[in-house]
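K.L.:
sequence first, then the predicted structure, then my questions.
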Amino acid sequence: MNNVVLGVSHSTATSDVRDALTLQKQKGDDFSRRILEFSWCSEIVVLSTCNRTEIYAVVSVEPVEVRARLLREWCEFTGNSLSEVQRFTYFHANSEAVRHLYRVVSSLDSLVVGEGQILGQVKEAFLRAQAKEFVHLYLNHLFQSALALGKSVRSETEINQGGVSIAYAAVELCKRVFPDLGGHTAAVLGAGEMGGLSAKHLKQAGVNRFEFASRTVENAAVLARKYQAPSFSLQQLEGVLENSDIVISATSSPDYVVTADMVEVAQRRRNRRPVVFVDIAAPRDIDPRVNEISGVYSFCLDDLEGLVRDNRRKRLRASHAVEAIIAKGVSEYASWYQIRKVVPVIKNLRTHLRSIAESELAKHRNRLNREQLEVIEEVLHGVAGKWLHHPVEEIKTLSEEGMEHEASAFLNRLFQLPVESAR
């Protein structure tokens, strides 16, 4: 049996190609059933997110052959040309397939190294396949070990410490002024992607009161509904600034959205209470002169990029520790996988010795009472178990060293195991 993975991700293909090959939810279930109809595939898990689609499978044919088969079926199922998408895919087999999955759950293979979402996505894909009975012994063990490794990586290293996105860094800078953001009101200016991400990170940091403003109230209202907050146009900013302790601005305006005069008026009405301005727009949204106003703490992209660089360096250092954890995990999985190959002969040996004990005991049943039979039976099984311990451990060791076939053949010959049982 071979563990394989065939996939496409942000590192090999554009979003258009990834979208064309996606296998999310029901589509992934239908594709899995299609592949499991072939005799050469016994287990499958499909992982499909916005940044990757990967097919993990246990197959009984050579990896080179299965790559061509899986890719052909994938293209036919999604209506894509094999020649057009083949160059965007990657393929790994056995230990390298295991290593790849471990790198995925550790977020080393993510667009943003250290992001936490991928672990949950892998778990969801595995549980879905498990519920549909698409996985059995091998992928069950592989994904269980991967999820455990992913948790260890996050608890034992700093791979997910410190944000590496501008929006996340903006919230981190706000915490420097207000360590506890829970009691403060935040205004998000701009209803685009950066505005949405800023609101998301503010919410995760504890902010419960929001105000949203955009050049058109309708755009601001879309975000506002999500957070049950009021929405305004940029022409209504003076009232927004007066009520807000945190202002993150991410509009596409060519001119300053927040002027020094507006902030001065708002601060007088606020009795000079501290306020944080974070400008993540290019060109700038906030007049740099607001720094001169009492009670104002203002940050711009230069401040944010420095923090992001520091966090990226921190995660890069942590990635070395993660690689060590992954190497250990791959080694442990390889040992488990090798031992699976000799499990049948170990079971046969135990069954054979048990049958010998039962046969000998049967010869004396008429001379022993029930209590004596139970004691002798217990003794025989105990002796057989202890006698088997060393040979079983040795065959496991030989299997880990790649000599499972020789060890199995030797045991079959040495103990003359029944032909059917040995097979």
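P.N.:
Nice, I can see it. Residues are numbered from 1 along each chain as shown.
K.L.:
contacts, neighbours, all on C-alpha from now
P.N.:
OK.
K.L.:
per-residue confidence for the residue lying closest to residue 165 once chain neighbours are set aside?
P.N.:
Excluding the flanking residues, the one nearest residue 165 by CA to CA, 6 or more residues apart in numbering is residue 308, at 6.6 Å. Per-residue confidence (pLDDT) for residue 308: 76.
K.L.:
residue 308 touches residue 167, doesn't it?
P.N.:
No: in this structure residue 308 lies outside contact range of residue 167 using CA atoms under 8 Å: 10.0 Å.
K.L.:
list the buried residues for the helix or strand harbouring the residue nearest to residue 165?
P.N.:
Assignment of secondary structure by DSSP states H and E places residue 308 within helix 301-340. Neighbour counts over helix 301-340 (16 or more other CA atoms under 10 Å) mark 301, 303-305, 307-308, 311-312, 314-316, 318-319, 322-323, 325-326, 329-330, 333-340 as buried.
K.L.:
now swap in stretch 355-375 and tell me
P.N.:
Neighbour-count burial for stretch 355-375, counted by 16+ other CA under 10 Å, picks out 357, 361, 373.
K.L.:
any idea how far the second one lies from residue 349?
P.N.:
Using CA to CA, to the nearest Å, one gets 18 Å for the distance from residue 361 to residue 349.
K.L.:
show me the contacts for the nearest residue to residue 297 once chain neighbours are set aside.
P.N.:
Nearest in space to residue 297, with sequence neighbours left out and distances taken as CA to CA, 6+ apart, is residue 276 at 4.8 Å. Contact analysis of residue 276 by CA atoms under 8 Å, 6 or more residues apart in numbering lists 174, 177, 245, 246, 247, 296, 297, 298, 299.
K.L.:
ok, now residue 109?
P.N.:
If a contact means CA under 8 Å, 6+ apart, then residue 109 has residue 103 as its contacts.
K.L.:
show the pLDDT at it.
P.N.:
pLDDT at residue 109 comes out at 89.
K.L.:
again with residue 173
P.N.:
89.
K.L.:
residues near it, how many?
P.N.:
Counted with other CA atoms under 10 Å, residues neighbouring residue 173 total 20.
K.L.:
what residue of the chain is the furthest out?
P.N.:
Largest separation from the mean C-alpha position in the chain: residue 367, at 64.0 Å (CA atoms, centre = their mean).
K.L.:
partners of the residue nearest to residue 297 in the sheet?
P.N.:
residue 246, residue 297 (DSSP bridges).
K.L.:
measure residue 281 to residue 167 for me?
P.N.:
11 Å.
K.L.:
give me the more crowded residue out of those two.
P.N.:
Just comparing residue 281 and residue 167: by other CA under 10 Å the higher neighbour count belongs to residue 167, 25 against 20.
K.L.:
quick check: closest non-adjacent residue to the more buried one.
P.N.:
residue 198 (4.9 Å).
K.L.:
residues in contact with residue 49?
P.N.:
Residue 49 sits next to 22, 24, 121 when contact means CA under 8 Å, 6+ apart.
K.L.:
quick one: low-confidence parts of this structure?
P.N.:
Along the chain, segments meeting pLDDT under 70 span 162-164, 339-346, 384-385, 387-390, 392-423.
K.L.:
how is it divided into domains?
P.N.:
Domain assignment for the chain, taken from automatic domain parsing, gives 2-156, 166-307, 341-422.
K.L.:
let me know the next secondary structure element after whichever strand or helix holds residue 150.
P.N.:
For residue 150, the host element (DSSP H and E) is helix 137-156. Tracing the chain past helix 137-156, the next element assigned as helix or strand by DSSP H and E is helix 166-177.
K.L.:
taking helix 301-340 as reference, get the angle to that next one.
P.N.:
Here the directions of helix 166-177 and helix 301-340 differ by 110 degrees (axes from the mean of the first three to the mean of the last three CA atoms, to 10 degrees).
K.L.:
other residues contacting helix 166-177?
P.N.:
Contacts with helix 166-177, where a contact means CA under 8 Å, 6+ apart, come from 162-163, 181, 194, 197-198, 201-202, 205, 246, 248, 276, 278, 280, 297, 299, 304-305, 307-308.
K.L.:
how about 7 Å then?
P.N.:
163, 181, 194, 197, 198, 201, 202, 276, 278, 304, 307, 308 (CA atoms under 7 Å, 6 or more residues apart in numbering).
K.L.:
centre of the chain to it, how far?
P.N.:
How far helix 166-177 lies from its chain's middle: 25 Å, per CA atoms, centre = their mean, to the nearest Å.
K.L.:
flag every buried residue along that helix.
P.N.:
Under the neighbour-count criterion of 16+ other CA under 10 Å, helix 166-177 has 166, 167, 168, 169, 170, 171, 172, 173, 174 buried.
K.L.:
phi first, then psi, for the residue nearest to residue 231 when sequence neighbours are not counted.
P.N.:
Using CA to CA, 6+ apart and skipping the chain neighbours, the partner closest in space to residue 231 is residue 212 (4.8 Å). Per-residue torsions, residue 212: phi -120, psi 140 (degrees, to the nearest 10).
K.L.:
what does residue 207 give?
P.N.:
Dihedral angles (degrees, to the nearest 10) for residue 207: phi -70, psi 130.
K.L.:
thought it was touching residue 182?
P.N.:
Yes: with contact defined as CA atoms under 7 Å, residue 207 reaches residue 182; the gap is 4.7 Å.
K.L.:
so which of those two has more stuff around it?
P.N.:
In terms of neighbours (other CA under 10 Å), residue 207 is the more surrounded of residue 207 and residue 182; the figures are 19 against 15.
K.L.:
tell me the contacts of residue 296?
P.N.:
By CA under 7 Å, 6+ apart, residue 296 lies in contact with 274, 275, 276, 290.
K.L.:
residue 2: which of the residues you listed is nearest?
P.N.:
Nearest to residue 2 among the contacts of residue 296: residue 276, at 56.1 Å, using CA to CA.
K.L.:
relative to residue 1, how far out is that closest one?
P.N.:
59 Å.
K.L.:
may I ask you to confirm that residue 4 belongs to a helix?
P.N.:
No: going by DSSP: H, G, I helix; E, B strand; the rest coil, the assignment for residue 4 is strand, not a helix.
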